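Novice: Here's my sequence, what's the structure:
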Amino acid sequence: MSRFFLRSAKLISNNVMAIPRESFATDAVKHPVKAAAKTEASERWYAILRSAGASSTACTQDQATKADEATDALNSWKTVHDFFKKYAQCDDGGIAEGVSDRVVTLLAKDWAHIAVLQKLTDADQDFRGFVLRHIDMTANYYDVERIHVLARHSCPKNARRICKDIKAQIDGLDREVALFHKIEKLTQQEVDASAQKAEAGDKESAYLLYYYYSGFGDNNVHDANKSMKFLTLAANNNHAAAQIDMARRCLYNKQFDKAEEWALKAKKNECKSEMTAECGTGLFLRKIQKIKKEANQ
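Specialist: You can find the predicted model right below:
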């Protein structure tokens with residue numbers, strides 16, 4: 001794992017400010033990804049990201065209040081699983097951040113019980129996606145670093161599947177941060193050159209510009225038409241992460257058939273990304289199919 005989590009003074013210029021620390025042993029500071037004010041573009045962006053994991057059942061105000069209070073009691077994998085079964089529909093905003101904090105803390109401080117998590121996630125694949133999704137950039141990034149080391153070097157034999165998934169999730173986080181850094185440094189000349197490559201079929205250039213025109217970067221450029229254009233180019237050229245992003249957008253807009261089509265393509269392309277943790281195991285595809293079935297009833 002690279003040290004973007006540890007060295008970055010700035011991750012996504014209009015949304016994320018990281019606090020660099022020199023010592024791994026220093027008391028960790030939470031990564032305030034969502035604490036900063038968001039632009040209209042990023043509000044929609046986060047809604048799209050969350051839509052993949054959200055339950056199709058609405059969260060009532062009473063449930064939201066109880067879920068918020070319940071996050072403080074998430075001190076074991078059993079309590080996290082119970083929370084998931086009861087309040088999955090409320091997994092958003094401050095509640096989701098609270099869950100992320102507890103999930104990452106459990107992984108970092110209670111690794112001795114990782115086999116318990118393996119057993120629970122083997123029996124409940126949706127719960128596996130829930131846990132992985134909460135290893136995110138809102139979490140304590142020193143704990144995330146520790147978890148990555150544990151998953152790589154201290155995984156018991158009876159927890160290898162979940163360790164592999166955890167490592168892949170954190171690797172994906174690192175790739176996303178690297179992408180944001182690259183976007184921040186783009187000059188207009190580089191943007192123009194990337195556009196030419198994207199038009200010629202370069203899927204990585206297309207995906208880069210999709211992010212760029214979604215409002216990330218020092219210039220805070222937001223052009224919805226160009227963002228969608230380059231996302232479509234990347235997806236059509238078999239960029240797996242772009243395909244899953246297309247699926248998320250279709251799901252967000254209740255275009256269930258198209259969402260299922262894109263998710264299937266992404267799964268076949270072995271999609272691996274922080275934003276697509278569920279894709280590799282088919283969880284995201286099953287989630288779409290479940291929502292689609294419920295919507296048609």
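Novice: for the record, mean pLDDT for the longest helix seen in the chain?
Specialist: Scanning the chain for the longest helix, with DSSP state H as the assignment, gives helix 160-184. Averaged across helix 160-184, the pLDDT comes to 85.
Novice: If you count contacts, what does it end up packed against?
Specialist: Packing partners of helix 160-184 (3 or more C-beta pairs under 8 Å, 6 or more residues apart in numbering; DSSP states H and E): helix 4-7, helix 114-123, helix 125-133, helix 141-153, helix 203-212. No exception for glycine: its C-beta is placed from N, CA and C like everyone else's.
Novice: Mind doing that once more with 6 Å?
Specialist: If you count contacts as 3 or more C-beta pairs under 6 Å, 6 or more residues apart in numbering; DSSP states H and E, helix 160-184 packs onto helix 114-123, helix 141-153.
Novice: Now do the buried residues in the longest one.
Specialist: Within helix 141-153, the residues that qualify as buried by neighbour count (16 or more other C-beta atoms under 10 Å) are Tyr141, Tyr142, Asp143, Val144, Glu145, Arg146, Ile147, His148, Leu150, Ala151.
Novice: what do you get for the first one?
Specialist: Taking 16+ other C-beta under 10 Å as the neighbour-count basis, helix 114-123 is seen to contain the buried residues Ile114, Ala115, Val116, Leu117, Gln118, Leu120, Thr121.
Novice: Quickly name whichever of the residues you listed is closest to Asp174.
Specialist: Using C-beta to C-beta, Ile114 is the member of the buried residues of helix 114-123 that sits closest to Asp174, with 20.8 Å.
Novice: for the residue nearest to that closest one when sequence neighbours are not counted, what are its contacts?
Specialist: Once flanking residues are discounted, Ile114 sits nearest to Ala159: 4.5 Å by C-beta to C-beta, 6 or more residues apart in numbering. Residues near Ala159 by C-beta atoms under 6 Å, 6 or more residues apart in numbering: Ile114, Ala115, Gln118.
Novice: Likewise for Ala235?
Specialist: Ala242, Gln243, Met246.
Novice: export the helix or strand hosting the last one as PDB, just CAs?
Specialist: In this case it means Met246. In this assignment (DSSP states H and E), Met246 forms part of helix 240-252. Output of helix 240-252 as PDB, limited to C-alpha atoms (Å, rounded to 0.1, in the frame of the first residue of the first chain):
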ATOM      1  CA  ALA A 240     -14.700  -2.000 -15.400                       C
ATOM      2  CA  ALA A 241     -14.900   0.800 -12.800                       C
ATOM      3  CA  ALA A 242     -16.600   3.000 -15.400                       C
ATOM      4  CA  GLN A 243     -19.100   0.300 -16.100                       C
ATOM      5  CA  ILE A 244     -20.000  -0.100 -12.500                       C
ATOM      6  CA  ASP A 245     -20.400   3.700 -12.200                       C
ATOM      7  CA  MET A 246     -22.800   3.600 -15.100                       C
ATOM      8  CA  ALA A 247     -24.700   0.900 -13.300                       C
ATOM      9  CA  ARG A 248     -24.900   3.100 -10.200                       C
ATOM     10  CA  ARG A 249     -26.200   6.000 -12.200                       C
ATOM     11  CA  CYS A 250     -28.800   3.800 -13.800                       C
ATOM     12  CA  LEU A 251     -29.800   2.400 -10.500                       C
ATOM     13  CA  TYR A 252     -30.000   6.000  -9.100                       C
END
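Novice: What helices and strands are in contact with it?
Specialist: Packed next to helix 240-252, using 3+ C-beta pairs under 6 Å, 6+ apart, are helix 40-51, helix 224-236, helix 256-268.
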